[in-house]
Each structure stands twice: as structure tokens, then as C-alpha cells.
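Peer 1: heads up, no residue letters with this:
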């Protein structure tokens, strides 16, 4: 049951290019360039990302291009549209076996903690882990608090809870959303114990502010970022990539 | 995991004759002639359609006639009546194995994106894909936005989202409903990436308008149509077929 | 995937004795005589019915008597009580394998089209078909529209829809309820295509009216009846049976 | 598919000691003596009951004592607490395989007919039957009408319906609750056909009245009782047992 | 089907260190020290606890440290966050097979009796038991009454019911929450029959009061405690441990 992150990290740090927004948010995130997976693969390749995150459909249809890029593939195993309101449920859409066949070096799964369907996602996630760990494939948990019941908790508690769930359930890397409070993030990192944390990039931000935030993230003990829109919505994806990498691998 | 559409296309284009309306809409779509599957098989044969879409029941009972027609069979794997109101759910009614035994060259499945049951259909669809792709059978996604929650989205977004889901989830051909705005359709085609798009015919239309629309569809980059009522509700199904084919294979 | 009705028909026509009312309606349908399955088996035997419909419990406990009668056994695979109100759901209670072991020559299953649970029953039905057809056992569909959502449809549409579903889903015989309009029934028969239709007897009726109705049913192209209360609630079950048979095999 | 009740009857009659109340009703049924399963096993042994009904937990932990008593063990396969209000659902908690390993001579299962969850319990029950009958283990159905929808039915109808369900679904013995009307009970017995009926003891009753009732029960054609509180809540369990046995085996 | 508690008890008594609060309650229970699983493992080791309770994630990531400590590992197989309101449901997150691979000497599972989802948890629990008992692994039941429907029952009844469920369902050790009434607890112990009871520590308490309570617990016939916050939130975990052990093994 040992797994490691070596294949999707460099010197223990990571910069992952996320591109599952086409399913999660819909085409409104895209423009004429970045709507094309090949554009993303090019950025990952030239920017030497330590991993590239796709749903299984893109992984299948752009198999050759991904292979050529030599960027390690991470397949997101569940997903949903943003069309359905109410308590979120995101179910498994790709098996570990399929992911391995597509040459994935890691797999990802989102749990919406606090959702009425939390228990279904937790159970599905832990089954995936069991299979992935047998094959020595690391499992990345997207840990996002959601749903009508989470309002009574503070941001600090929710951030730390998200991280902690990754440790308790057996994830190998936890992806959480950073709210901007470094003390809260340090507490979250502590809660994850031996499990590493990467921060989600979120919506596109002012570059300077964003770079400052990344410094905080690294100072807090995270190992890097899983980032999408801030890169491929940028006019100069490689320029901003270079800047980010300097902060991460300073 | 490679599949191709060669068996249901000609020179990369397709004209599929759809006849799953008996289940989806009920007999109100039919008259004394077109209620008979043999009438449809005859049209497909004489009109040299590149594929013929049936539910498994018709595929079983008219197996000999379909075989004789030499038109490639496409089996629709899920379905529902239009009697049930509320959030739509359409479950698998035929396995990939059964479809292959019935000599199907491709299979189809509807996902109602935006429905409260979206996650169940997405999961079932991706399991079908896994099996079909192993057997080298292409999977066609009927991607239709439905349900109470989709009202806040624009038509453009919904069209592009439908197409994108086909790419993200791993379909080989995506069937969407064209609303008449060519810019929106071009955007949807881009969102599908390497995955091809065919347009649903919908309710019967004025012939001239319909042919103009098909031109737009082809100009937008779609590879053809999956069409039913506009053909078999027509007084001259073969005449309109000939006209449509000229537009598609011009 | 070929199945035929030869074992439960005579010269292509059928007269099936239905006795699943004990589960579906409860004992209020019964009197001191017809409460006893042996009374029913005797009627079937003396009346030379082409089939006898039981739930698995009666098929098991009266196995010897059924065998001795030589009347082909049809096992109803799902069922429910009439105690539960709201949207109807009727689940599988007997497998195809058990039915074959009990010497069944055909199996039956009810789909309540229009019910909120329609998709669950459709899926279960098509799985049963897959297994039954492998063993060359014909599948009879009880196609009954039910539920709060069917009120907007006309009787004609519902009757034809019921028949059509049998064809679309792959049944070998469809049992529907005749409302009394012969034109509607002819339209339903057309919608069933190659699949045969038998009419449910329903509640006990005036004999003369009933026989007239059966003439209409046969004229409309149905192959016979699946009848219960009109026989075993009758004072002279064999007399009425003889009269019915004259109409069917005239 | 033959099973028989020989192992839990004597001369075709039965007196079963029921002790699943700890799960179904909670400890309020108990006192310092009868809270102890060994006290119950002693009563069964000295009273020479024809069967002893436990949940799997007690069957496991008191395995030696049960074995030594030589009283045939009946394991109740499903159960629920009385803490949950609303429509009752009782799911399988022990497999037939486990029951056989624990040396059970019969198994039991409750269906709450009329409950919104009726179809789930019916399906689970019939699956259990399939397995039990393969191993020649008789299945006892606890048939209890429950839920908000049963109020429109008369007591007579509900009693007969409960019995009938046992026959229709394939039970080998049916346990129902007797309301005190002998005519109703006779009608229920008729509805069960070849399947035998045992009456549930219910809450503790006046001894004289109770013995009169048992006479009625036997006269109505039942084969005996499955009884708990009237025995082990009694000051003289063996005295009352002797009296009951005289009525049953008179 | 024999299992025993020898591996997690000493002279028939137990003191288990519980640390599943990170999942069940979230990080608000933690401080900078006890947020670290290694701190907990150290306490267990130095305090010579008879068992250490973790979720599978911590068991995996701190496998070496746990092994070195030689404290028997108990893996909690289900869990949930406290973010979701309404009727509680806690699903299986780790299999018995995984637990054994991680060197667990016992497994635990929570049933929220009285919850609308009670039947789902009871069924899952009994399946786990079946597998665990085959491998001779004892199963600990966390039996906690919860949900809107339990309010009508007295504390005494709920405590005894919790204990009884453990016996009825086949647990090997039952963990319940002690309310402070020794008579109620004695009654609960009686209801558990041959099955042993350990008391949950609950929120942090005044030391003197707590030690008095433990005396009561032991006098009532319990075999020990499963305790977390009262230890690892204490300034002197080993000091309080020593005091508790004196009471348990006096």
C-alpha cells in the first residue's frame, strides 16, 4: 500500500496544469485558443509542468499528443456539470484500470464534503484508492466543502477539515482552495500530517497578487499548485508559468 | 481504446436515419405507413443512409430485414417514454454485448445534462464506453440539456456545453440539437475538439428552410445529421433524402 | 435471440388463464372456490387453456398438479400488492432460472409506463429478456400506463404507446387493457409491429358484452386473451370458456 | 425446490419460541431474568419447543447452549429497531449461508406489506428463498401489514392478504397476527392454500383468554404458534407452555 | 465464527485510544500537538494502551510508526464528517481485507440507531461481520442513537437498546456513551449478554469526576474504555492514563 508522488513532482514540488473545466464549468471558461486541448498540451510541454489533468475523454482522443509531450498524465476520475443546482454529487466516470491503460501516472477525485451526498462520494473515493494503491498509482483528492449545511463553520475550520479528510481517508495528495489567510493554511497543512497539499488556482487573478499568494502557499508548507485558468486564460501562459516556477522551486 | 466511425460514415460524412421515436415520443409521431419498421428500413436502404438507429426490440424482431438492407445498424442503448414529467432519467435497456450480437456497428446513449439524475446517466454512459471501446464499437452521445436548473444558461452556452461533454466523457460522435444560430454551432464544434458532431433533425420542418439549415450545419463543421421525422413523416422521403445528401456530400 | 410463442399458443392464437390476482389485488377477488389454486388448475385443464399464469409461490407448491394438467406454465416474474398508494413500482421476485426450473414455458413482467419508477422497471425488464431469450423462453410484457403524469394523454395514445413499448423493448407478447374502442385497438396492434398482442380480461363483465368485445379484439388483430376473473369468478367457468374459444378459434 | 417443515414441527404442529424482540422492540420488553438468552434457551429446552427464534448475534454467542438444548434453531434474517418512525423497512442482516453454518433448521424474514418499501423487502425475501430452497431450508414469512396506506382496508382483508402473500411469494410457513375473529382467520388459512400458518403471540395476555384464542387458532386450521412475551414474561413459563401444548396437540 | 478480544485486551480489560475525531468532528478538536498522529502513537505506546483506533488513511501513512509502537491497531471502517445535518449516514470506507493488510487486530463500525438510514448501516455492518469473523477478526460496534425519531425514548431505554443491538447483530465488543446513571448502565450491560461493553470517553471532563465515572463504569460490568479527547487534549496524557489504568486494572 505504498505509493509515492515522484512521477508527478520535481524535487518534491509540483506544478500541475488542470484542464477539467470543460466538464466542471462548461465552455464559458474558454476562448478560441484554449478551447483546444492541444493548446493546453503545448503549454504543459513548453512550461515543463509536472503533471497535466484531463478527463478520460480528452486523454483518449489526444493520447498521441499527450504521449509526445512527455508530461505525466493525471486523469480526473469523477466529474459533473455546473448545470445542476442543489447538493452536489459527482460520480466516478473512469476506472483506475482505464486510467492506467491511458498511461496515467496519478488519478484524481472530488469529494464535496458537507454535501447531502458526501457519504456516497467518500465511499466511492475509498474504493478507488484501494484499487489504485494496489497498482501503485497515487490518488489526489479534490477536497471541496459544499452544500447548504456548511455555512455554520468558519473558513478556517472548513479549510483544515478539507485537508484532514485527505489524511483520514488515505489520499496521497490533497487539492484544496486557498482563501488568502496564511495562518489558516498553515493549520490546514498541519492537519494533513504526512499527506502533501497542493492549492487550486481558481478564477483568474491579478498576476502580482497571485504570485504573492503562491509565496504564501509555499511558505505555509504546501508542495505546489494545480492550476488552470490563471495559465491558459493568460495572454502569456509561459511567462506566467516561468514566474510561478521561480516561486515554487526558488 | 481506438474506435472509428468508418462503418457509419461515407467520406467522413454521415446521414443516419433515426427511429427511436416510438419509445421516446410515443405513437403520435406515426401514421399508418411509418408506424411500420419495414417502411423505415426500405427508406434507409433506397436512400442509402449511412446508418439506421433502432431500439433493441426492433433490431431483434426485424433482424432479417435490417440485414438484407445492408444499412449499418446503430442500437440506442437507453430510452424512456415522454409520459413521466419532472427531471428526466433514461436508463440502459440493452447491453453492448447484445448490440454486437444484433450486428450493431455503433451504439447510442442519451445524457440529459442538467437533470437531477445527470450523474447516474454520466456514470452509466462511461461504463458503456469502456465496454464498447474494448470491442472497437463507436459510441454516439445524444447530449441534451434538460431539467429545471438549465434555465439560467444561454442557448449558446448549453449548445457548446452539450458538445463539450461528448469530448470530456469520451464519445466518438455527439448528437446535439441545432437552434439555428450558426455562430453558436461553430463554437460548439470547436468545443468538441477531435470529436465529430451530428445534428438531430427534430420536428418536421419546411423543406427549403431545412435544407438551408443543413448547409449551415455542414459549414459549421458538423459531419452530418441523425434525422427521423423530417424523412419518414415526409410524403417523399427519398426525394428529400436525395436533396439532403447533395448538401452533405456536395 | 429467436424466441417463439408456439408453446403457449394453438394455431397462433392464445387463451391464457391468469391467476396472479392474489398478489396484485388481494383476496377480495376470491370466493371459497377460486381461492384454491387447484380449482384454477382444473379449469385450465378442462378448458384446455394454452397457458396458465402464476407467481412463483403457487408454481412451486402446486408443481405436481400443474404438471399433471399439462397446461403450459407461465410465471409472472414481478408483482406488488395494491396496498401501497402513489407511483407504482413492481420489482422482480423470481429469476428466469427459477422459472425454467419450475418448468415455465414463458415468463411475464409488468411495466407501469408513466410511473416515476418507469426507468427501473424498464431496465429490470430488459435484463430479464436478455436472460430469457438466451434460453429461448418468450417474455410477455404487461404494459400498463399508470401514475400521476399520464392524465394529459388520450386513451388512444396510451393504448398505442403501451403496445409500442413492447415492440421497442423486445417483448414477444404484449398484454394490454382494452378500453372498448376498436379503432384505437387496431392502431395499437399496428404499433406493436411483428409483436403479438393479447388483451387482459379485467374485472368481471356481462357475458354477452364480453363476447362481443372479444370478437372486436380478434378482428383488431390480437391473438387472444389473458383472462382471469371473468372465468374463475363465473358460475360456469367451462361454459364461458367454450364460448370464448369459439370466438378466438372461429 | 422442495422444502419441508419436519424439523421444526411435531406431528405437523409447531410451538416456536420467539426471541427477536430485543432488536425489534428494545429492552423495554425485558426484565432481569428474560434479558438473558440462556433463560430463554432453558424454557425452550424444558418446554420442548419445536423451534427457537433468534437473530444471528445471539445464535453465534450462545451457539453451545443452543446446541446442547437440542431445540431446532430458526434464524431471523432481517430486523430493525422500533426507533425509526415512518414507513418501515427491514433489511437482510444474515445470509442463508451464515444461518446454515450456525446450524439453523429454518430461516425467517419480515415483509411489511403496504409499506412504501414493500417492493424492496419482497425482492430481498424472494432472493433469500431461492438460496434457502436450494439448500432445503424452509423459509418462514413474517407477513405484517404496515404503513400509512393500509388504513382503507378492512382487518379481514389485511389478514387474508398477509396469508396470501406467503403463498404467492413461495414461503413455507407464514406467521401472521391474529386479531380475534375466527371467521377472518379461517379465510386467511384458505388464502394460504398449501402453505401453513402460525400465529404470532403478540403482547402478554390474560392466560384464560389466551388459551381460548389458541383453541380458535387451531380450529381455524393453523398449525401452531410463534410465541414470545406470553411465555418469557410469564411468572411460570413452563406451566403456561404445558397448557398451550395441550391445546395444540390435543 | 469464533472471535475473541484477546489481542486488544489485557486480563479481559481494555483501554483503547480513539483518534478518529479528525474525520468525525473535524480539526476543532485539535491543537498543535495532538493534530499530529505521531503524538497519539507516542501516548499509546508509553501509556501501553491495549489498542489504538485510526481511520485507514492514518493507518496507511503512519504504518511504520504504529508497527514500531507495538500497540494493536483497530481500524474504524466507516465514518462521516459533522458538516452534514439531518439524519446521519456513515458508510464503509475501508474493507476488512484492507484492514488486515494494514495489520489491524480488530475493526470498528458505527451504527446510528434511530436514523432514517439505520437499515443501510445495519446491513453494511452485518456484511462486515461476516467477512471479519471468517478471518477471526473481532468487530467493535459503535452503537449511537441519533436522529429526529429517538426523542420519545428515555435515556435508559436508549442506552440499553444500543447495547442490545450489539448482541442481536453479532458484535464482539460494543462501544456506547455513558450518561452518568450507573443503574442504567448496569441494565445496558445485562442487555449485552455475553458481549462486552466499552464506554466512549466523550468530550473532555474534569479529571476527578471522570475517574469517579470510570469506577462506576467498571463496577457496572464494562470491560473498559475507548477514549480520546480526555487523553490527548490533556496537558499530561500519561499521568491521566496511569490514573485511569489503576481504576480499570485495580
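Peer 2: Ah, there it is. Given the structure is predicted, the values throughout are model-derived calculations rather than measurements.
Peer 1: residue C:223 versus the closest residue to chain D within chain A, what's the distance?
Peer 2: Closest to chain D within chain A is residue A:119: 16.7 Å, counting by CB to the nearest CB. In this view, the C-beta of every residue, glycine as well, is placed from N, C-alpha and C. Look at residue A:119 and residue C:223: by CB to CB, to the nearest Å, they are 51 Å apart.
Peer 1: same check, this time on residue A:194
Peer 2: Residue A:194 is 71 Å from residue C:223, by CB to CB.
Peer 1: out of these two, which sits in the busier spot?
Peer 2: Between residue A:194 and residue C:223, counted using other CB atoms under 10 Å in any protein chain shown, residue C:223 has the larger neighbour count: 21 against 15.
Peer 1: quickly find the element holding the residue of chain A closest to chain D.
Peer 2: Secondary structure from DSSP states H and E places residue A:119 in helix A:118-134.
Peer 1: would you mind listing the buried residues in that helix?
Peer 2: Neighbour counts over helix A:118-134 (16 or more other CB atoms under 10 Å in any protein chain shown) mark A:118-133 as buried.
Peer 1: now do stretch A:194-211
Peer 2: Those buried within stretch A:194-211 under the rule 16+ other CB under 10 Å are A:195, A:196, A:197, A:198, A:199, A:200, A:201, A:210.
Peer 1: now swap in stretch A:28-47 and tell me
Peer 2: Within stretch A:28-47, the residues that count as buried by 16+ other CB under 10 Å are A:29-30, A:34-37, A:39-41, A:43-45, A:47.
Peer 1: which residues touch the residue of chain A found nearest chain C?
Peer 2: Minimum separation of chain A from chain C (CB to the nearest CB) falls at residue A:91, amounting to 16.7 Å. Under the criterion of CB atoms under 8 Å, 6 or more residues apart in numbering or on different chains, the neighbours of residue A:91 are A:78, A:80, A:120, A:121, A:124, B:119, B:120, B:122, B:123.
Peer 1: from these, pick the one nearest chain E.
Peer 2: When the contacts of residue A:91 are compared for distance to chain E (CB to the nearest CB), residue A:120 wins out at 7.4 Å.
Peer 1: pLDDT and distance to residue A:174 for the contacts of residue A:91 - can I get that in CSV?
Peer 2: Below are the contacts of residue A:91 laid out as CSV (pLDDT from 0 to 100; distance: CB to CB, whole Å):
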residue, pLDDT, distance to residue A:174
A:78, 98, 16
A:80, 98, 20
A:120, 98, 20
A:121, 98, 15
A:124, 98, 17
B:119, 98, 23
B:120, 98, 27
B:122, 98, 24
B:123, 98, 24
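Peer 1: adding distance to chain C, write those residues out as CSV.
Peer 2: As requested, the contacts of residue A:91 are exported to CSV (distance: CB to the nearest CB, whole Å):
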residue, distance to chain C
A:78, 22
A:80, 20
A:120, 18
A:121, 23
A:124, 21
B:119, 15
B:120, 9
B:122, 15
B:123, 14
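Peer 1: and the longest strand anywhere in chain A, which residues are buried?
Peer 2: Longest strand of chain A, by residue count under DSSP state E: strand A:104-113. If you call a residue buried by 16+ other CB under 10 Å, then strand A:104-113 has these buried ones: A:104, A:105, A:106, A:107, A:108, A:109, A:110, A:111, A:112, A:113.
Peer 1: so which strand or helix has the spatially closest residue to residue A:69 that is not a sequence neighbour?
Peer 2: Closest residue in space to residue A:69, ignoring its immediate chain neighbours: residue A:45 at 4.0 Å, by CB to CB, 6 or more residues apart in numbering or on different chains. Per DSSP H and E: residue A:45 is located in helix A:37-46.
Peer 1: after that helix, next one along is what?
Peer 2: Criterion used, DSSP H and E; the element after helix A:37-46 is strand A:51-54.
Peer 1: residues touching that following strand, excluding its own?
Peer 2: Contacting residues not belonging to strand A:51-54 are listed as A:8, A:14-20, A:37, A:40-41, A:44, A:62, A:66, A:69, A:71-76, A:105-106, A:108, A:226, A:228 [CB under 8 Å, 6+ apart].
Peer 1: for that strand, which strands pair with it and how are they oriented?
Peer 2: When pairing is defined by DSSP bridges, strand A:51-54 lines up against strand A:14-18 (parallel), strand A:73-76 (parallel).
Peer 1: and the helix or strand just after the longest one, is it in reach of chain B?
Peer 2: Which is strand A:14-18. With elements assigned by DSSP H and E, the helix or strand that comes after strand A:14-18 is helix A:21-24. Yes. Interface with chain B: helix A:21-24 contributes A:22, A:23 (CB under 8 Å from any CB of the partner chain).
Peer 1: what's helix A:21-24 in contact with?
Peer 2: Contact with helix A:21-24 is made by A:29-30, A:55, A:58, A:79-82, A:228-229, B:164-165, B:167-169, B:191, as judged by CB under 8 Å, 6+ apart.
Peer 1: which one among those residues gets closest to residue D:185?
Peer 2: The closest of the contacts of helix A:21-24 to residue D:185 turns out to be residue A:80 (CB to CB; 55.5 Å).
Peer 1: where does chain A come near chain E, residue by residue?
Peer 2: Taking CB under 8 Å from any CB as the contact definition, chain A meets chain E at A:1, A:113-116, A:118-120, A:122-123, A:126, A:130, A:133, A:145, A:147, A:149-150, A:153, A:157, A:160-161, A:164-171, A:187, A:190-191, A:193-195.
Peer 1: return the subset of those residues lying in strands.
Peer 2: A:113, A:145.
Peer 1: give me the beta-bridge partners of the residue nearest to residue A:81 when sequence neighbours are not counted?
Peer 2: Residue nearest to residue A:81 in three dimensions, not counting chain neighbours: residue B:113, with 5.3 Å by CB to CB, 6+ apart. Counting by DSSP bridges, residue B:113 forms beta bridges with residue B:145.
Peer 1: residues in contact with residue B:113?
Peer 2: With CB under 8 Å, 6+ apart, residue B:113 has these contacts: A:81, A:83, B:143, B:144, B:145, B:146, B:150, B:161, B:162, B:165.
Peer 1: these two touch, right, the fifth one and residue B:162?
Peer 2: Yes. Counting by CB atoms under 8 Å, residue B:162 is a contact partner of residue B:145 at 6.0 Å.
Peer 1: please enumerate the helices of chain A.
Peer 2: For chain A, the helices defined by DSSP state H occupy A:21-24, A:37-46, A:56-61, A:63-69, A:96-101, A:118-134, A:155-169, A:182-191, A:207-219, A:229-232, A:237-248.
Peer 1: need the contacts of residue B:113 in TSV with distance to residue B:176, neighbour count and pLDDT, can you?
Peer 2: As requested, these are exported to TSV (distance: CB to CB, whole Å; neighbours: other CB atoms under 10 Å in any protein chain shown; pLDDT from 0 to 100):
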residue	distance to residue B:176	neighbour count	pLDDT
A:81	15	27	98
A:83	15	23	97
B:143	6	29	98
B:144	8	19	98
B:145	9	25	97
B:146	13	19	97
B:150	14	19	93
B:161	10	28	98
B:162	5	28	98
B:165	10	30	98
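Peer 1: returning to that earlier point: distance check, the residue of chain A closest to chain D against residue E:88.
Peer 2: For residue A:119, the distance to residue E:88 - CB to CB - is 9 Å.
Peer 1: residue A:169 too?
Peer 2: Applying CB to CB, the value for residue A:169 to residue E:88 is 18 Å.
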